Every structure is written in C-alpha cells, then in structure tokens.
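Visitor: Prediction below, plus the sequence it came from.
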Amino acid sequence: MPTSVMEYARVIPSVSSLLPLYASFSTSLMLLRNAYHELVPEKLESFLTSKLENYFRRTRSKPSYDTFVIDDSWEGQHRNKLIDISIFYLSTKIGHKNKTIKIGKFKGRKGIMAGLVNGEEIVDIYEGIEITWYFDCRKDEDGGDEYFELSFEDKYREKVFNEYLDHVIRTYKAMTKEKRVLRIYSRDCNGWDWIEFQHAATFDTLAMDYELKRAITDDLDRFLARKDYYKKICRAWKRGYLLYGPPGTGKSSLIAAMANYLNYNVYNLELANISSESDLKSAMLHAGRKSIIVIEDIDCNSGVHDRSKSDNSESDNSNNVRQFTLSALLNCIDGLWSSCAEERIIAFTTNHKEVLDPALLRPGRMDMHIHMSYCTTEGFRVLVSNYLDIKDHPLFEEIDGLIRSMEVTPASLAEELMKSDVADVALGEVLNFLKQKRMEKDKIDEEKLC
Ligand SMILES: Nc1ncnc2c1ncn2[C@@H]1O[C@H](COP(=O)(O)OP(=O)(O)OP(=O)(O)O)[C@@H](O)[C@H]1O
C-alpha cells in the first residue's frame with residue numbers, strides 16, 4: 001500500500017501513458033463497428049436492435065397510469081364547469097395530429113374555436129409530465145353526456161390534481177378574460193336574456209371632476225383586491241353605489257364606465273317587471289358573478305321611497321300591484337340572500353335622493369353615494385376633448401363664464417357639440433345654446449322678483 005504522496009504518484013499511471021491506450025481502444029471499437037455493419041445484413045441488424053430494445057424496455061419497471069374522468073353526467077348537478085374549462089383549454093392545444101376537428105363560432109366569443117371530435121386524443125406536456133386527454137360522448141335518449149379522460153403516470157397523481165388542473169383553470173381564466181365580450185342582461189318571462197354590451201364610456205370620457213373619478217376608481221380597485229378581507233370579516237363580497245343627480249348628468253354613463261373598467265357584465269333589473277318576492281330572489285340569484293346589477297330610477301319605482309306604504313299595501317298609486325316589499329328588496333341586497341352570489345356591484349340611480357327611504361340609504365347598504373352634478377368647466381373640457389379632439393379654443397373663456405353662472409347638464413352640452421365636427425361651428429352652437437339659456441333664466445328670475 002502506498003503511504004506517501006510520492007508513492008501514489010508512482011503507482012497511478014500518468015495521463016501521457018494512458019493516451020496511446022485510449023487511442024488503440026477507440027480504433028478497435030471503430031473497426032468492430034465497421035465489421036458489424038459489413039458482415040451483418042441490414043435486416044438482421046434491425047431485428048437484433050429491436051430485440052435488444054425490447055429486452056431493455058421489459059427490464060425497466062413499467063409505469064402504471066391513473067385516470068381522472070371529467071364527466072358531465074353527475075346526477076342532480078348542473079353542467080360540470082370543468083367540461084367547458086377543458087374545452088377552452090384544449091382548443092389551443094389542438095395540433096396536426098388531430099386530423100379531424102370540430103370548429104365553431106359562439107355568441108359572445110371572438111374568433112373561431114376548435115375542439116376535439118369524439119374519440120380523439122391530445123397529449124399535453126406540463127413540467128415534463130405527459131398528460132393524455134381523451135374526449136368522448138356517452139349516447140343516451142337525451143343525446144348524450146360529454147366526458148374527458150386524463151391519463152398520466154400514477155406517480156404524478158397529486159401534482160396533476162393539485163397543480164395541473166389549477167394551471168388549466170388559470171389558463172382558461174386568462175383566455176376568457178382576454179376575450180371577454182361584455183353583456184347587458186335584461187329580464188323577460190324566461191329569465192335573464194342578453195345582448196353584447198358595447199357602451200364605449202370609460203372614466204377618461206366622463207365629464208366629472210377628476211378627484212371624484214379618482215375616488216371611484218380607487219374604491220373599485222380596493223373592492224377588487226379585498227376578496228379575502230370580505231371573507232375574514234364575514235361579509236358578502238359586494239359593494240353598493242348610489243348614483244344621484246339630475247337627468248343627463250351621466251349616471252348611466254358612469255355605470256357603463258364602471259363595467260368597462262371592471263370587465264363586468266351589466267344586469268338591468270327593472271323592478272316594474274318583477275312580479276313577486278320569489279321572482280326578485282330568482283332574478284338576484286341567477287345574475288352571474290362579476291356583474292353590476294343596476295336598478296335605475298329607484299325613486300320612480302313607487303313604494304320603494306315610502307317604506308310604510310310599500311310594506312303595508314304592496315301597491316302603488318298607478319294600481320300597478322307589486323307583490324314584493326321594500327324589505328324584500330333590501331333583504332336581497334344585503335340580507336342572507338346576498339351571500340349566495342359574490343363579486344357583485346349593486347348600483348341604484350335616482351334623480352331625487354331626498355325622497356328615498358332612509359333604510360335604502362343607510363351605511364353598509366349603499367357604500368358610496370356619488371353625486372353626479374351639473375357640468376363644470378373641468379367636465380366641459382373632457383366633453384370637448386371627446387367630441388372635437390381639441391384642448392384649447394378662444395371661445396372657452398366666454399363659455400366657461402356661462403357654465404359657471406347656470407345649471408347645465410353634460411348631456412345638453414354634448415348634444416350641441418355633436419352638431420358639427422368643425423370646432424368653431426360646434427363651440428359656436430354651444431355658446432348660442434348657453435346664451436339662450438341664460439336669457440331664459442334671467443327672464444324667469446325677473447318674473448320672480450316682480
Ligand atoms: N358626465 C358625463 N360625461 C360624459 N357624457 C355625458 C355625461 N353626462 C351625460 N353625458 C352624455 O349624455 C348622454 C345621456 O347621459 P346619461 O344617460 O348617462 O345620463 P343620466 O344621468 O343617466 O340620465 P337619466 O337620469 O335621464 O337616466 C350620454 O349618452 C352621454 O353622451
């Protein structure tokens with residue numbers, strides 16, 4: 001046994017002495033390989049190769065597979081949402097291997113969607129794991145139920161269940177968020193029906209004071225970010241806004257801007273079309289998540305401004321018998337029923353806040369009261385920028401003076417601005433309109449004095 005470094009150095013061969021050995025070994029290997037190719041016929045060679053491959057495959061431990069079934073046929077359940085999520089997710093995974101595919105164009109979705117036909121497979125790779133999706137449909141008298149099977153090596157079972165399916169859902173959400181076409185729903189005898197919501201209003205196009213706009217968008221951002229907070233304090237994740245102000249000051253436009261800001265659908269709940277308390281509950285329950293439920297002109301919904309009358313008589317002056325009370329409406333807004341649906345905004349609009357029942361106005365019910373005021377000079381600048389695309393004009397000074405001296409709605413100024421695309425002409429119309437209004441107002445004031 002070597003006992004010192006020097007002795008080791010003597011026993012271990014040097015690199016230079018190993019090189020000739022390596023060279024002769026690799027030359028022999030090359031000769032052997034050439035001889036094998038020349039002597040062994042091609043067919044025999046591939047036969048031997050496949051035998052060897054089979055041998056090694058058999059000796060390796062065979063993986064066993066688990067399968068998850070995403071089935072639409074769960075008794076008593078509504079459609080399994082994972083089916084639709086999977087259809088969306090897989091639509092981006094379809095490739096050349098799928099020789100026959102389904103294609104379609106759907107209401108509310110941009111572009112053409114591709115899907116698997118019955119009996120087809122897709123292999124998806126997630127963090128190196130192979131997941132095979134198989135799609136089919138079980139036929140029965142009602143047409144049949146769709147189902148997916150996901151197969152994967154059993155050692156990845158937990159990962160597929162906990163991480164991969166989550167990844168599928170997140171991808172679906174990102175896809176649908178990107179493509180989401182907003183809807184506006186109204187209620188008929190069959191429930192909620194919808195058309196595409198194409199209102200272009202945004203917070204940038206609203207003629208409102210900047211500070212108020214900022215306060216509203218901050219409030220909406222806080223609402224969106226506070227899912228866990230609402231849960232912690234045991235409150236339904238919803239927020240109520242009361243928009244009040246004269247007609248034509250932009251209450252509906254503000255709701256449209258909120259919907260576009262939040263990417264929420266709008267449900268227009270006309271109380272006049274609601275026949276009973278159960279109808280009201282059903283309407284609230286079946287409105288989806290991520291939605292703004294709008295009850296417009298709440299002051300005109302007779303009975304709502306006068307709780308004692310509506311609670312007791314359940315009818316209004318025009319003999320339009322309503323079978324539900326204000327209490328039922330309030331209960332749906334923030335009572336037990338409200339906790340059945342989350343991520344909702346409820347917006348009431350009124351031209352006459354002062355006549356509403358205080359119960360409707362108490363804190364916690366309508367979280368933010370937003371006053372939509374007559375047009376200010378700041379708001380007028382926004383309108384001019386929207387309609388004429390200009391920031392400055394010599395007529396502004398005179399117009400500003402008149403706007404400050406009167407109550408004029410953004411809607412009426414918008415009407416004048418729309419009369420021409422030429423800034424001089426359109427602003428001239430605004431000026432004439434304001435002067436005319438000023439004269440009328442002076443006349444009324446004079447008459448009052450007399
Ligand atoms: N604040 C505003 N900002 C921008 N445009 C406005 C504003 N207010 C009104 N308009 C214009 O006037 C039109 C009518 O306004 P809108 O319907 O939003 O007012 P409203 O307060 O809801 O009226 P109502 O009480 O009669 O329902 C809008 O389509 C928009 O063009």
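Guide: Cool, got the structure. Numbers count the residues shown, from 1 in each chain.
Visitor: May I ask you to confirm that residue 146 belongs to a helix?
Guide: No: under DSSP: H, G, I helix; E, B strand; the rest coil, residue 146 sits outside any helix and is assigned strand.
Visitor: So what pairs up with it in the strands?
Guide: With DSSP bridges as the criterion, residue 146 is bridged to residue 137.
Visitor: looking at it, it is touching residue 83, isn't it?
Guide: Yes: shown here, residue 146 and residue 83 form a contact pair, counting by CB atoms under 8 Å, at 5.8 Å. All C-beta atoms are positioned from the backbone trio N, CA, C, and that covers glycine.
Visitor: Identify the contacts common to the two.
Guide: Common contacts of residue 146 and residue 83, defined by CB atoms under 8 Å, 6 or more residues apart in numbering, comprise residue 72.
Visitor: Compare these two (neighbour count), which wins?
Guide: residue 146 (21 against 17; other CB atoms under 10 Å).
Visitor: Retrieve the pLDDT associated with that one.
Guide: Model confidence at residue 146, given as pLDDT, is 85.
Visitor: do the same with the one 10 residues further on
Guide: Residue 156 carries a pLDDT score of 94 in this model.
Visitor: Now do the SS call for it.
Guide: Residue 156 - assigned by three-state DSSP - is helix.
Visitor: my guess is it contacts residue 129, does it?
Guide: Yes: if you go by CB under 8 Å, residue 156 and residue 129 touch, sitting 4.9 Å apart.
Visitor: higher neighbour count, those two?
Guide: Ranked by neighbour count (other CB under 10 Å), residue 156 and residue 129 place residue 156 first, with 20 against 15.
Visitor: could you measure that one against residue 166, distance?
Guide: Distance of residue 156 to residue 166, computed by CB to CB, to the nearest Å: 14 Å.
Visitor: And residue 387, by the same measure?
Guide: Residue 387 sits at a distance of 47 Å from residue 166 (criterion: CB to CB).
Visitor: residue ranges of the helices in the stretch 351-450 of the chain, please?
Guide: Secondary structure of the stretch 351-450 of the chain by DSSP state H, counting those that start in this stretch: the helices cover 358-361, 377-388, 396-405, 410-417, 423-449.
Visitor: actually the stretch 151-300 of the chain, sorry about that
Guide: 157-159, 165-179, 210-225, 227-232, 251-262, 277-286.
Visitor: who wins for proximity to the ligand among these?
Guide: helix 251-262 (3.5 Å; CB to the nearest ligand atom).
Visitor: what angle separates the closest one from helix 410-417?
Guide: Counting by axes from the mean of the first three to the mean of the last three CA atoms, to 10 degrees, helix 251-262 lies at 90 degrees to helix 410-417.
Visitor: tell me which strands and helices helix 251-262 is in contact with?
Guide: helix 210-225, strand 238-244, strand 265-268, strand 291-295, strand 344-350 (3 or more CB pairs under 8 Å, 6 or more residues apart in numbering; DSSP states H and E).
Visitor: in stretch 284-299, what's buried?
Guide: 284, 287, 290, 291, 292, 293, 294, 295, 296, 297, 298, 299 (16 or more other CB atoms under 10 Å).
Visitor: Equivalent analysis for stretch 174-190, please.
Guide: So, applying 16+ other CB under 10 Å, buried residues of stretch 174-190: 182, 183, 184, 185, 187.
Visitor: Stretch 97-107 too?
Guide: By neighbour count on 16+ other CB under 10 Å, the buried set for stretch 97-107 is 98, 102.
Visitor: State the mean pLDDT of that stretch.
Guide: The average pLDDT for stretch 97-107 rounds to 82.
Visitor: near the ligand, which residues of this structure?
Guide: 206-208, 247-253, 351, 372, 410-411, 414 (CB under 6 Å from any ligand atom).
Visitor: what separates residue 235 from residue 449, distance-wise?
Guide: Taken as CB to CB, the span from residue 235 to residue 449 is 54 Å.
Visitor: Looking at those two, which is more packed in?
Guide: Under the neighbour definition other CB under 10 Å, residue 235 and residue 449 were set side by side, and residue 235 has more, 14 against 6.
Visitor: Could you look up the SS state of residue 119?
Guide: Judged by three-state DSSP, the three-state class of residue 119 is coil.
Visitor: Touching, it and residue 149? I think so.
Guide: No: at 11.2 Å, residue 119 does not count as touching residue 149 under the criterion of CB under 8 Å.
Visitor: Look up the pLDDT of residue 262 for me, please.
Guide: 91.
Visitor: repeat for residue 48
Guide: The score at residue 48 is 79. That number is its pLDDT.
Visitor: For the ligand, give me its nearest residue in the protein.
Guide: For the chain, CB to the nearest ligand atom, closest residue to the ligand: residue 250, 2.6 Å.
Visitor: That residue touches residue 410, doesn't it?
Guide: Yes: at 5.5 Å, residue 250 counts as touching residue 410 under the criterion of CB under 8 Å.
Visitor: what sits in contact with each of the two?
Guide: Common neighbours of residue 250 and residue 410, counting by CB under 8 Å, 6+ apart, are residue 207.
Visitor: follow-up on the earlier one: any chance of the helices of the stretch 351-450 of the chain in TSV with mean pLDDT and distance to residue 124 as columns?
Guide: Converted to TSV, these look like this (pLDDT from 0 to 100; distance: least, CB to CB, whole Å):
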stretch	mean pLDDT	distance to residue 124
helix 358-361	82	52
helix 377-388	93	47
helix 396-405	96	60
helix 410-417	97	52
helix 423-449	93	57
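Visitor: Which of the ones you listed sits closest to residue 37?
Guide: Across the helices of the stretch 351-450 of the chain, the minimum distance to residue 37, taken as CB to CB, is reached by helix 377-388, at 79.4 Å.
Visitor: Against residue 377, how distant is the residue nearest to residue 376 when sequence neighbours are not counted?
Guide: Distances taken as CB to CB, 6 or more residues apart in numbering put residue 209 closest to residue 376, at 6.3 Å, once the chain neighbours are dropped. According to CB to CB, residue 209 and residue 377 sit 10 Å apart.
Visitor: And for residue 81?
Guide: For residue 81, the distance to residue 377 - CB to CB - is 51 Å.
Visitor: With residue 208 instead?
Guide: From residue 208 over to residue 377 the distance is 12 Å, taken as CB to CB.
Visitor: Which of these two has more residues huddled nearby?
Guide: residue 208 (25 against 14).
Visitor: May I have the residues that are in contact with the more buried one?
Guide: For residue 208, counting by CB under 8 Å, 6+ apart, the contacting residues are 250, 254, 372, 379, 382.
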